[in-house]
Each structure stands twice: as C-alpha cells, then as structure tokens.
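Peer 1: Below: sequence and its predicted model.
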Amino acid sequence: MTAFPPVPLVEGVAAPLIRDNVDTDAIIPSREIKGVGKTGLASGLFAGWRYTEGRKPDPDFVLNDPHYAHAPILLGGANFGCGSSREHAVWALHEYGVRAVIAPSFAPIFAGNCVRNGIIPVVLDAATIAWLGHKVTIDLLAQTVESGDVTAHFVIDPEAKAMLAEGLDAIALTMKQADAIAAFHARDRVARPWIYLERTS
Amino acid sequence: MHVVARLGPRDDLIAIDRVFLHERTGSVALKSLAAVGRPVADPARAFAVTDHIVDTRFGRTGTLVPGGGAFLAATREECAKAGIRLFDVNDPDQGIVHVISPELGVVLPGATLVCPDSHTCTQGAFGALAWGIGSTEAEHALATGTLRMTRPKTMRVTFTGALQPGVTPKDMMLALLSAHGAGGGKGHAVEFAGDAVAALDIEGRLTLCNMATEFAAMTGFVAPDAKVFDYLMGRRYAPTGEEWDAAVAAWRDLRSDQGAVFDREIVIDAGAIAPMVSWGTSPEDSLPVDAAVPDAKPAALAYMGVTPGRRLAGTRIDAAFIGSCTNSRVGDLRRAAALVKGRHVAPGVTAIVVPGSMAVKRAAEAEGLDRIFIDAGFEWRMSGCALCFYAGGPGLAPGARVISSTNRNFEGRQGPGVRTHLASPETVAASAIAGTIADPRELAA
Ligand code: SF4
C-alpha cells in the first residue's frame, strides 16, 4: 500500500517564505481546520498571511504573486514548522501542491509529518538557500538541489528517503516485524508487568 | 529497554507503552485507521480526552467552536468502536491531556508515552520518555504498539543554585529560551537537572518539561526521584501491591549515570533569573519584566505594538489568562490566588482562570481558591485548553493585549490579531490587578 504519491524528484518554482520560526499555527490556523479529516485544508493554508480582512488575497503575500502560486517548493527560514504538532499543516501544504520545503532547520514533529505525507524536508544552510533561483530541482535519490549554476548536496535520513522515494506506508512496513513485536511483549510482560493494563470499559 | 528491532545505525523500532489522544488530532487518527480497517493493537493502553475545543463555561454541553461538534462526535464514536477509554466533557476526570495523564497515573517513569500533541513532553517530568507526534504517527503507534524512530541526541540543561522568591519554573524556561533560542534544543532529548530542578515539586517540573517543545527539543525530562513515586502511588492506572514495589525498584535505576556524556550541555544560574515576560511572537522573545524591549525583529514589534527601549512593565493590558497545560495546576492557582486575595482586577481587564482539570478545579474549590478569584473579579471556569489557542467561536478581540500563563505567543495563537505576553501565573495575577504588565514581586512585597 502506498500512503501518498512518491516524490523521487521535485521540479519547479520555489516560493521564498524566508522567515525564521514559521509555526504550524501560521501554516494553518486552528480556526481553518473544519473537518475531521486530512482534506479541505488548502484554502486555509497560511490564511492569516494570505488573506486580508474579508478574505481577499493579500497582494504582499508570496503565494498570491502569480509567479509563485501553487509552487511545489517552499523556501523557509530556521526552525520551520515549529509549534503545534497538527499534521494539518502538512496536509494543507500537500493539498496546495507543495512537495518539498527547503529550510536551514525544521521542527522535529513537522519534519516527521512531512516524511509521512510526501513532502521532502530539505535542510540547506541559509546562505545556500539565498542563492537559489526561481526554478529549483530536488533530486531525492541523488540528494541534490539544483538551481541555475548552484548545486547543493543535502543529508536525509535513509529511512525517510526510502519512504518518500517509494511512497511507503510505514504501518505496512512495521507489520512485517510482527514476530519481533510479539517476542518483545512476551519478554516485557515479565520484566515490566505494570506497563500492561486490563481493558476498562 | 524499548527496542523491538534495530532498523539502522541510529534507527529503531521501539515499543510504545501508552498512547493518549485528544479530540482535535486523535479523532483524525482513529477515523483514518478505521477507514482502512486497521484495528488498535491494545486499546487498554490507549486513552482519549476531549479538552482542546470544549466549552469551558459552566453548564457546558459540548463546544462553541464552529464545526467543532464533528470532532467531538468522531472522537466518541471511534473510541467506542475501538474500546478506548474516553474522558469526555462531563467526566469527573476530564481535563487537559497533559494534566490528567499524571493525575490518573497513566504516565509512569521509564515508560514511552506519545500523543499527537506537541506538549506531550510535559509528562517527561515523571522520568518518562513522552513526546509529541503527528496524527499519522499516532495511527502507527495505535495499530502496531510501536514507532520507527531515530535515536535523539542528548542535552543536559543544568539549573544551578536556587530560585529567588517570586521566580518560577515558567521563568526558568523563558530565560532558557531567551538565552539559547527557540531552536536551541532541536533534535535533542533534554534532561533538566541541577539543584534548582531537584528542589521543584512535581507541578514545577511539569511546567519545565512542558516548554521543552518551545525549545524545539524532541522531549524534556527529569530523572525520577522519591517525589515522583510519592505522587504516583495510589493513582488509578499506577501499579499496586507487589507490582508497585517491583516498579519502584526498577524506577530507582532510571537516573543518568554519574559522568554520563551528553551531546550538549547548558548551565544556567537559577539564582540570576527574574520574572520573565515575552515581548514578541516567539517564546524566545522574552525578557525580565523590568528590562527594556530590544530593537530587533521589526515584524514582531509591529505585531505586538511594543516600543524598543521601553520597559514592558507598565504596558496596558486588556486581558489576563491563567490556564493551559503549562500553568493550571493547583499550586499555580494557589500562588496566583495569594496575590489577588483581597484585591480587585483593574477596570477594563477581562481576567479568566481555567483549571487544568476537573480534579484541579475540585481541589482548588476545596481550598476556597475559586472564591478568592471570583471576589477579585476573575471568571472561574470548567477545565480545558480554553484561551490557550483559538479554534474559532467566541474569543478576544483583534488587537487585544493579553498576559497569559500559556506557552505560545505566535501571531494569532489566541485569536486573529491578539497580542500574547507569556508569563508565570504570578505575573499574570499581578498584571490583572495592576491593569498593566506588572512585576509580581512588587505586589507580594
Ligand atoms: S493547553 Fe494549550 S498547549 Fe496545552 S494541550 Fe491545550 S492547546 Fe495545547
């Protein structure tokens, strides 16, 4: 089972949103989360910055610039995706069309959420990000970012890379270890019986 | 201890002992699992609560958040189907997830506990490995009882010495954030140590660990000691009898070895910390209440409407909020009540106290704290996340300036255009009385 479309390669416009500490409340304000699901979120993406009062597009916001609308790549600042763990931030980005975010650093929960939903979190230093042009190519397999005459290498955890490149479903992957899980529980029930609870109603 | 299988040089499949869910993100995880027909592996070790969007006014029945009813309904339905114990709106044990999990003895030393909520690190105060995950990871934890993870780096933050009177764990964390940045703990599991931490009671340690996520840490924790064991004894889901004795014996060994090596060490003199208040839109934008606002971050200054070079103390406020998983336990309320007793909230200031759980509410009422707050002009409410974040519905007016015992001051966190100043419950209480940001030490004197 694939969880999302694989992203071995992302090519296209890179929209600069170079601010440090862009938090998940900014990516999707809680008031924009209206349904119990992972869809219907793109219109609320960056709502606080994207719209003026009366929900008119704010011309000063980068994604309202026709050059950058529905860019598959976002360029961010340090500690991107900090704050609330809400995965809606990643679902909203994905639904909007984002397939990669390039930033000097990511908040850990956000980066994990990206990997589980088909968005590549690419870590590059701020100086390199500043050199990237309008169009960027991210080759996940080669772990490179190219733009104009800039080629930069990035590091990504091998499991994250495999999940993104193949659109792997982590649960299915783990289910293959069912024997190891059962063996662990058999040992652990003896070592730490207090961890295991009776089912309460 | 929790490694089920090795997945790579730094990656493991690790056993998850407890999963706690709340209606805002847990409902999505449960529904999504059910949609693909995957059962919850061990529902007895999963718990759920409605806290994020529930109404906190007396006589509540559900939520005032537009569209919020669907989250409550989905949580109820999916918990019932999966056999997960839900602490719902009118349950006597309802409250903010990170407040009730300790009260119920769900979190235990040495246990792994996850929740699709970034402040799960709060519960590291018990020497548990507790951290926030996304909804999809929560599905994984529920379906398999495990998570795939990369071993975090380690950091020790040592607070030496002793806190000055009127200075609290909240101030310790704001001081750490202001000195080392909101990204300072990135990717690390942070152990809080030192004399000033050992001296804290459990509630204080919960406040400390709560804000590890504001430091971008994977989690925070404190090595468990006798205070932890005393707190947990007799709690509903804590072990009993011989199992309790065996557990405590195991928990005593959970301390970092003398001479353990950490990837990073930070040392802070606790005695030099003053009551802190945030001035900007990141928790790192914090300073001592009597210091001047720096000339930095123009966007943050503009959003907050504060002036570089001017002290925060004396700035007029519109609202004061005591609540949230950071600072809403009975000790927090007791210390705030001591400052407001016999005084009155300044005219024009909306002041609200929301106990972190119904158990906290009952304990506070048994001590008469509710009367002190109400007589002083505070609103006294039922438990929940309340004004800590804005999900829609009734709220503070755009541009309102609120001093808040919460953990996040991001743009719009407490409502569109709302300006949040983070502070301890004492500083919030003193400010509510003064009508301006105020130093609690002056009121106490
Ligand atoms: S009180 Fe605030 S920070 Fe804590 S869990 Fe609720 S919304 Fe999150």
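Peer 2: Thanks, I have it.

Peer 1: In this structure B:Gly271 contacts B:Gly161, no?
Peer 2: Yes: between B:Gly271 and B:Gly161 there is a contact under Cβ atoms under 8 Å: 3.9 Å. Every C-beta, even on glycine, is put in place using the N, C-alpha and C of the backbone.

Peer 1: which neighbours do those two share?
Peer 2: Counting by Cβ atoms under 8 Å, 6 or more residues apart in numbering or on different chains, B:Gly271 and B:Gly161 have no shared contacts at all.

Peer 1: What sits closest to B:Ile372 if chain neighbours are left out?
Peer 2: In this structure, B:Ile372 finds its nearest non-sequential neighbour in B:Ala337, 4.4 Å apart by Cβ to Cβ, 6 or more residues apart in numbering or on different chains.

Peer 1: Spit out the contact partners of that neighbour.
Peer 2: B:Ala337 makes contacts with B:Leu369, B:Ile372, B:Phe373, B:Ala429, as judged by Cβ under 8 Å, 6+ apart.

Peer 1: Please repeat the previous calculation with a cut-off of 7 Å.
Peer 2: B:Ala337 makes contact with B:Leu369, B:Ile372, B:Phe373, according to Cβ atoms under 7 Å, 6 or more residues apart in numbering or on different chains.

Peer 1: ranges for the helices of chain A?
Peer 2: Per DSSP state H, chain A carries helices over the ranges A:24-27, A:47-50, A:88-96, A:108-115, A:126-131, A:158-166, A:170-175, A:178-191.

Peer 1: List the buried residues of the second one.
Peer 2: Residues of helix A:47-50 classed as buried: A:Ala47, A:Gly48, A:Trp49, A:Arg50 (neighbour count, 16 or more other Cβ atoms under 10 Å in any protein chain shown).

Peer 1: ok, and of those, which contact chain B?
Peer 2: When contact is defined as Cβ under 7 Å from any Cβ of the partner chain, the buried residues of helix A:47-50 meet chain B at A:Gly48.

Peer 1: Now the contacts of B:Ala337 in JSON lines, please, with extra columns for pLDDT.
Peer 2: Output for the contacts of B:Ala337, formatted as JSON lines (pLDDT from 0 to 100):
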{"residue": "B:Leu369", "pLDDT": "98"}
{"residue": "B:Ile372", "pLDDT": "98"}
{"residue": "B:Phe373", "pLDDT": "98"}
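
Peer 1: Show me the strands in the stretch 201-350 of chain B, by range?
Peer 2: Using DSSP state E, counting those that start in this stretch, the strands assigned to the stretch 201-350 of chain B run over residues B:219-221, B:264-269, B:276-278, B:286-288, B:319-322, B:350-353.

Peer 1: got it, and chain A?
Peer 2: A:9-17, A:73-76, A:100-103, A:120-123, A:135-139, A:144-147, A:150-153 (DSSP state E).

Peer 1: As a markdown table, these with distance to B:Phe262 would be great.
Peer 2: Converted to a markdown table, the strands of chain A look like this (distance: least, Cβ to Cβ, whole Å):
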| stretch | distance to B:Phe262 |
| --- | --- |
| strand A:9-17 | 34 |
| strand A:73-76 | 29 |
| strand A:100-103 | 26 |
| strand A:120-123 | 23 |
| strand A:135-139 | 34 |
| strand A:144-147 | 32 |
| strand A:150-153 | 29 |
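
Peer 1: how about the nearest residue to B:Ile16, chain neighbours excluded?
Peer 2: B:Ala141 (4.7 Å).

Peer 1: returning to what we had before: among the buried residues of helix A:47-50, which one lies nearest to A:Ile171?
Peer 2: A:Ile171 lies nearest to A:Ala47 out of these, by Cβ to Cβ, at 31.3 Å.

Peer 1: and the closest one, what does it touch?
Peer 2: Counting by Cβ under 7 Å, 6+ apart, A:Ala47 has contacts A:Pro29, A:Glu32.

Peer 1: ok, A:Pro158 touching B:Gly8?
Peer 2: Yes: with contact defined as Cβ atoms under 7 Å, A:Pro158 reaches B:Gly8; the gap is 6.1 Å.

Peer 1: Which of the contacts of B:Ala337 sits closest to chain A?
Peer 2: B:Phe373 (27.0 Å; Cβ to the nearest Cβ).

Peer 1: quick one: that closest one is in a helix?
Peer 2: Yes: per DSSP: H, G, I helix; E, B strand; the rest coil, B:Phe373 lies within a helix segment.

Peer 1: measure it to B:Asp55 for me?
Peer 2: Note on B:Phe373: its distance to B:Asp55, by Cβ to Cβ, to the nearest Å, is 19 Å.

Peer 1: And A:Arg55, by the same measure?
Peer 2: Counting by Cβ to Cβ, the gap from A:Arg55 to B:Asp55 is 26 Å.

Peer 1: Can you report how many residues lie near the nearest residue to A:Gly40 once chain neighbours are set aside?
Peer 2: Excluding its sequence neighbours, the residue lying closest to A:Gly40 (Cβ to Cβ, 6+ apart) is A:Lys34, at 6.7 Å. Number of residues near A:Lys34 (other Cβ atoms under 10 Å in any protein chain shown) recorded here: 18.

Peer 1: I'd guessed A:Lys34 sits against B:Gly67; true?
Peer 2: Yes: using Cβ under 7 Å, A:Lys34 makes contact with B:Gly67 at a distance of 4.3 Å.

Peer 1: tell me which element the closest residue to B:Phe215 other than its chain neighbours is part of?
Peer 2: The shortest distance from B:Phe215 to any non-neighbouring residue, by Cβ to Cβ, 6+ apart, is to B:Gly185 (3.7 Å). Remark: B:Gly185 resides in no helix or strand, with elements defined by DSSP states H and E.

Peer 1: which parts of chain B sit against the ligand?
Peer 2: Counting by Cβ under 6 Å from any ligand atom, the positions of chain B adjacent to the ligand are B:His52, B:Ile96, B:His98, B:Asp117, B:His119, B:Ser324, B:Cys325, B:Cys385, B:Cys388, B:Phe389, B:Thr406, B:Asn407.

Peer 1: before we move on, what SS does the residue nearest to B:Ile16 have?
Peer 2: Per three-state DSSP, B:Ala141 ends up helix.

Peer 1: Same question for B:Ala429.
Peer 2: helix.

Peer 1: right, and the strands of chain A - which one's nearest A:Val62?
Peer 2: A:Val62 lies closest to strand A:9-17 among the strands of chain A, at 5.1 Å (Cβ to Cβ).

Peer 1: Relative to the closest one, what are the paired strands and their orientations?
Peer 2: Partners of strand A:9-17 in the sheet, by DSSP bridges, are strand A:73-76 (parallel), strand A:135-139 (antiparallel).

Peer 1: Give me the angle between it and helix A:158-166.
Peer 2: Taking axes from the mean of the first three to the mean of the last three Cα atoms, to 10 degrees, strand A:9-17 and helix A:158-166 form an angle of 110 degrees between their directions.

Peer 1: In terms of pLDDT, where does B:Ile273 sit?
Peer 2: pLDDT recorded at B:Ile273 is 98.

Peer 1: That one and B:Met172 touch, don't they?
Peer 2: Yes: using Cβ under 7 Å, B:Ile273 is in contact with B:Met172, at 6.0 Å.

Peer 1: And those two? Which one has more around it.
Peer 2: Shown here are B:Ile273 and B:Met172; by other Cβ under 10 Å, B:Met172 has more neighbours (26 against 23).

Peer 1: Okay, the residue of chain A found nearest the ligand and A:Ala15: tell me how far apart.
Peer 2: Chain A approaches the ligand most closely through A:Ser84 (6.9 Å), counting by Cβ to the nearest ligand atom. For A:Ser84, the distance to A:Ala15 equals 22 Å [Cβ to Cβ].

Peer 1: what about those two, which has more around it?
Peer 2: Per other Cβ under 10 Å, whichever of A:Ser84 and A:Ala15 has more neighbours is A:Ser84, with 29 against 21.

Peer 1: Surely that one is in contact with B:Thr120?
Peer 2: No: between A:Ser84 and B:Thr120 there is no contact, the gap being 11.6 Å when judged by Cβ under 7 Å.

Peer 1: pLDDT score assigned to residue 168?
Peer 2: Answering for chain A, as no chain was given. Confidence score, pLDDT, at A:Leu168: 86.

Peer 1: wrong one, chain B
Peer 2: pLDDT at B:Thr168 comes out at 98.
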